[in-house]
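**Student:** test case, fold it:
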Amino acid sequence: MAAEPTFYAIYDADGSFIGEVRHLRDKCLGRAECALCDLSHGWNPLGRSIWRRRKGTAASLNWLHRDELPDHVAAEVQGQLPCVAVDRGGDIEIVIGREALRGCEGDFGVFEHLLEQTVRALHVEPAPDTDGASNA
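**Tutor:** Sure thing, here's the model as predicted:
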């Protein structure tokens, strides 16, 4: 039996305190952007209310920063962040790229719809988030 696919929503930022501060500084200076950050929390470090109440496929994503990724995932998505990727038993595929995330224009509802369509087109169900890594 094949392993359940694992979906990752991967921020183009580091998750450490210093990484978060650096990203905020660079965002303010116009030197950094992360469309996934804009979707999940924008300028609110605790996350937008709609993101905190996420359900369905969005709730089953593993929301991780680039420095929190398993090595085999990081190797495949390097230079292509932010993105949503699927791991099917070690085979990593980016299923929503940074341009599509930018196209959501920070609207989490648009992202949820895109995600549902993408998962449906792949004919897979994401595995539930089992490591508790669903914070921004």
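
**Student:** wait, is Trp63 part of a strand?
**Tutor:** Yes - residue state for Trp63 (DSSP: H, G, I helix; E, B strand; the rest coil) corresponds to a strand.

**Student:** next up, the contacts around the residue nearest to it when sequence neighbours are not counted.
**Tutor:** The spatial neighbour of Trp63 that comes closest, neighbours along the chain excluded (C-beta to C-beta, 6 or more residues apart in numbering), is Ala9 at 4.8 Å. The way it works is simple: take the backbone N, C-alpha and C, and place the C-beta from them, glycine included. Going by C-beta atoms under 8 Å, 6 or more residues apart in numbering, Ala9 touches 36, 40, 61-64, 82, 84.

**Student:** what's near enough to touch Leu122?
**Tutor:** Leu122 neighbours (C-beta under 8 Å, 6+ apart): 5, 86, 95.

**Student:** now the last one. Its backbone dihedrals?
**Tutor:** What that stands for is Val95. In terms of degrees, to the nearest 10, the main-chain angles of Val95 are phi -110, psi -20.

**Student:** sweet, I'm off.
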